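Engineer: Give me a model of this one.
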Amino acid sequence: MSITVNNLTKTYGLQNAVNNISFTIEKGEIVGFLGPNGAGKSTTMKIITGYIPSTAGTATVCGITVDESNNETKKKIGYLPEANPLYFDMYVREYIDFITNIHAVKNKKQKIEEVIKTVGLTVEANKKIGQLSKGYKQRVGLAAALIHDPEVLILDEPTSGLDPNQIVEIREVIKKLGQNKTVLFSSHILQEVQAICDRVIIINKGKIVADDSLNNLQKGNSDEHILLVSFKETININELQSLQDVTGIEQLQTSVFKLKTKNPEQVRKQLLELSLKNNLNIVSLQSERNSLEEIFKTLTNQ
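Structural biologist: Prediction:
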């Protein structure tokens, strides 16, 4: 396992910021780490990186136990914190060169140019960091996290401050990096998580409330299905209430309905029969899956 968190707890005074959580992430996984503000995401990430100690429990990276004084795990981690610390008086290349010296990177000139290109900093590479927009400052932080070619990437809000085009570019960078690295990243942009991740961990009030593939989370634990049907003509809801195997109906618009059923295939057939019998035209008939936003709201009670 690239990352293993076992019974991790972090206490501040009488409050548990992280409360006895456990999870593992393997190489090649891109895992979205979600939760409301104050849920414990950043605290967990700081413990994994060795930035702060845990109160109880352990975290290991590439088989090495994380400890504040253990630099071996830090060599294997690329970390972009939520509050991206940069030296604003330094030039972009100068700053990245400074980071390469900290990590003792070999062939550093080549590596610097490669990482500048990777994160899309080429056009801004000769500017002082203080002159950059927030989005480009974020790219400098990402470059610093990547420059030593770490096995594990911990990214706390990596797309913060980026415009829509930049978000798409960084999304592609993260997806590419995830092919041979372990990536754990947090985001409040749920569409980004859906676009990048196959697996999601949701934390709320210091506890993990979900850890599963996005596909399984969207299916839910219930065997109840949702069908959305739209007719060209106006139809009375009473016509649909006569359908067998339909356990609930919600009228969304004049001719658009949400049907609940445990037997979707049978209801599809009944809808087609109903349309033929009454000379109706079905404009669309599709299954609805829970969105990540709905799942997030349900699990975090927001």
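Engineer: next helix or strand past the helix or strand of the chain with the lowest mean pLDDT?
Structural biologist: Per-element confidence for the chain was summarised using mean pLDDT, DSSP states H and E. The lowest value among helices and strands belongs to helix 214-219, with a mean of 78. Towards the C-terminus, the helix or strand next in line after helix 214-219, according to DSSP states H and E, is strand 225-231.
Engineer: what pLDDT, on average, does that next one get?
Structural biologist: In this model, strand 225-231 has a mean pLDDT of 87.
Engineer: likewise stretch 161-180?
Structural biologist: For stretch 161-180, mean pLDDT rounds to 83.
Engineer: Now the phi/psi pair for residue 124, please.
Structural biologist: phi -110, psi 10 (degrees, to the nearest 10).
Engineer: Can you classify residue 21 by secondary structure?
Structural biologist: strand (DSSP: H, G, I helix; E, B strand; the rest coil).
Engineer: re earlier: which of the residues in the least confident helix or strand of the chain are buried?
Structural biologist: Taking 16 or more other Cβ atoms under 10 Å as the basis for neighbour counts, the residues of helix 214-219 that come out buried are 214, 217-218. C-betas here are computed from N, CA, C, even on glycine.
Engineer: For the closest residue to residue 49 other than its chain neighbours, give its distance to residue 73.
Structural biologist: In this structure, residue 49 finds its nearest non-sequential neighbour in residue 79, 4.7 Å apart by Cβ to Cβ, 6 or more residues apart in numbering. To residue 73, residue 79 is 11 Å away according to Cβ to Cβ, to the nearest Å.
Engineer: what do those two both touch?
Structural biologist: Residues touching both residue 79 and residue 73 (Cβ atoms under 8 Å, 6 or more residues apart in numbering) are residue 49.
Engineer: so which helix or strand takes in residue 195?
Structural biologist: According to DSSP H and E, residue 195 maps onto helix 190-196.
Engineer: partner strands of the helix or strand just after that helix, parallel or antiparallel?
Structural biologist: Reading on from helix 190-196 to the C-terminus, the next helix or strand found by DSSP H and E is strand 199-204. When sheet partners are counted by DSSP bridges, strand 199-204 sits next to strand 30-34 (parallel), strand 207-213 (antiparallel).
Engineer: Mean pLDDT added to those, as a markdown table?
Structural biologist: Formatted as a markdown table, the entries for the strands paired with strand 199-204 read as follows, by pLDDT from 0 to 100:
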| stretch | mean pLDDT |
| --- | --- |
| strand 30-34 | 94 |
| strand 207-213 | 92 |
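Engineer: Out of these, which is closest to residue 177?
Structural biologist: When the strands paired with strand 199-204 are compared for distance to residue 177 using Cβ to Cβ, the nearest one is strand 30-34, at 8.3 Å.
Engineer: which stretches of the stretch 51-200 of the chain form strands?
Structural biologist: All strands of the stretch 51-200 of the chain, identified by DSSP state E, counting those that start in this stretch, fall at 56-61, 64-65, 77-80, 152-156, 182-186, 199-204.
Engineer: tell me the SS of residue 36?
Structural biologist: Taken by three-state DSSP, the conformation at residue 36 corresponds to coil.
Engineer: ok, it - how many residues close by?
Structural biologist: For residue 36, the count of nearby residues is 17 (other Cβ atoms under 10 Å).
Engineer: pLDDT score assigned to it?
Structural biologist: At residue 36 the predicted local distance difference test score is 91.
Engineer: how near is residue 203 to residue 39?
Structural biologist: When Cβ to Cβ is applied, the distance between residue 203 and residue 39 equals 5 Å.
Engineer: For burial, what's the neighbour tally of residue 243?
Structural biologist: Residues lying near residue 243 (other Cβ under 10 Å) number 16.
Engineer: And the nearest residue to residue 84 once chain neighbours are set aside, how close does it get to residue 128?
Structural biologist: By the measure of Cβ to Cβ, 6+ apart, the closest residue to residue 84 outside its immediate chain neighbours is residue 141, 4.0 Å from it. Applying Cβ to Cβ, the value for residue 141 to residue 128 is 15 Å.
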